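Engineer: My questions are about this predicted structure, shown below with the sequence.
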Amino acid sequence: MPKGKSLYLLLALISFGIIIYVSYINFIYDPQAEEFLSHKEGLKRPLQLPLWLNVMYVHVVFACMTLVSGLLNFSTKLLQRYRKFHRFNGYIYVVSVFMVALTSGYMAPYSTGGKASSIAFNMLNIIWPFMTGMAIISIRKKKLIQHRKWMIRSFAYCFTNTSIHLITFVIHKGFGFTYVNSYTISIYCSLIILPILAEIVIRRTLPRTKHTSH
Ligand code: HEM
């Protein structure tokens, strides 16, 4: 199987697993987010639970939409056969990214770990829409390779939540850090690791060109 195809299947499998898991945990198993909220201590601003929960639900729905629409648009077959769908779905992806960032902007000041976590989340709130915007600008200029590169970088951040929880788990359980500190560290780690992974995927799957502007 070609490298690109097996990577695509792997990502599809992981994304599907994330969507099922995140939806189950947040809408069925713990809809009041009691487990997650139990780690919040000494918040500077009091959290308005019903509002926070509703924003979090919207956040989760759009986050899942970024995974589905992003994944579909990386399918070469779909792109070749249904160009209009690729375009339409691309805008669904963009709107979803902005909705995740918007809801994240509301939740960031209340984030586990306080100011340090909030700063990291707000950095993500700027970098992620920026990368997505660059993908749109490049395709408008008909720079196909650049468009794919920026989309790979943008799509990597769709795995932010999974990455945060995995790294938190490793640092907390493996190195004995407190949950809160592990959580904060994991946001910064995700901020750095996900784009590195994106660059690896770009190098392995896209043709190397001296002039990458087309
Ligand atoms: C696209 C994949 C994503 C999914 C599936 C997702 C899902 C979630 C979920 C379920 C929560 C509730 C708490 C938890 O269990 O972690 C949450 C919280 C949060 N997410 Fe996301 N998210 C995603 C991406 C992002 C991105 C890219 C950002 C930043 C731009 C972000 C910012 C936040 C913030 C600020 C919180 C609140 C954290 C806290 O209160 O400590 N999320 N997310």
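Structural biologist: Sure thing, it's come through.
Engineer: Pro195 is in contact with Ser154, isn't it?
Structural biologist: No - the pair Pro195 / Ser154 is not scored as a contact, 9.8 Å apart, by CB atoms under 8 Å. C-beta here means a position set from N, CA and C on the backbone, and glycine is covered the same way.
Engineer: Tell me which of those two has more neighbours.
Structural biologist: Between Pro195 and Ser154, counting by other CB atoms under 10 Å, Ser154 is the more crowded of the two (26 against 17).
Engineer: Does the ligand have contacts with whichever helix or strand the more buried one is part of?
Structural biologist: Per DSSP states H and E: Ser154 is located in helix 144-156. No - residues of helix 144-156 are not located near the ligand by CB under 6 Å from any ligand atom, the shortest gap being 9.4 Å.
Engineer: any idea how far that helix is from the chain center?
Structural biologist: For helix 144-156, the separation from the chain centroid amounts to 14 Å (computed by CA atoms, centre = their mean, to the nearest Å).
Engineer: same check, this time on stretch 174-188
Structural biologist: For stretch 174-188, the separation from the chain centroid amounts to 19 Å (computed by CA atoms, centre = their mean).
Engineer: quick one: buried residues of it?
Structural biologist: Within stretch 174-188, the residues scored as buried using 16 or more other CB atoms under 10 Å are Phe177, Tyr179, Val180, Ser182, Tyr183, Thr184, Ile185, Ser186, Ile187, Tyr188.
Engineer: if I pick the third one, what's in contact with it?
Structural biologist: The one in question is Val180. Val180 makes contact with His39, Glu41, Thr112, Gly113, according to CB atoms under 8 Å, 6 or more residues apart in numbering.
Engineer: is the helix or strand in which Tyr21 is found up against the ligand anywhere?
Structural biologist: In this structure, Tyr21 sits in helix 3-23 according to DSSP H and E. Yes - contact of helix 3-23 with the ligand is found when judged by CB under 6 Å from any ligand atom, involving Val22.
Engineer: The helix or strand following that helix - contacts with which helices or strands?
Structural biologist: Next along the chain after helix 3-23, taking DSSP H and E as the criterion, comes helix 34-37. Judged by 3 or more CB pairs under 8 Å, 6 or more residues apart in numbering; DSSP states H and E, helix 34-37 is in contact with no other helix or strand.
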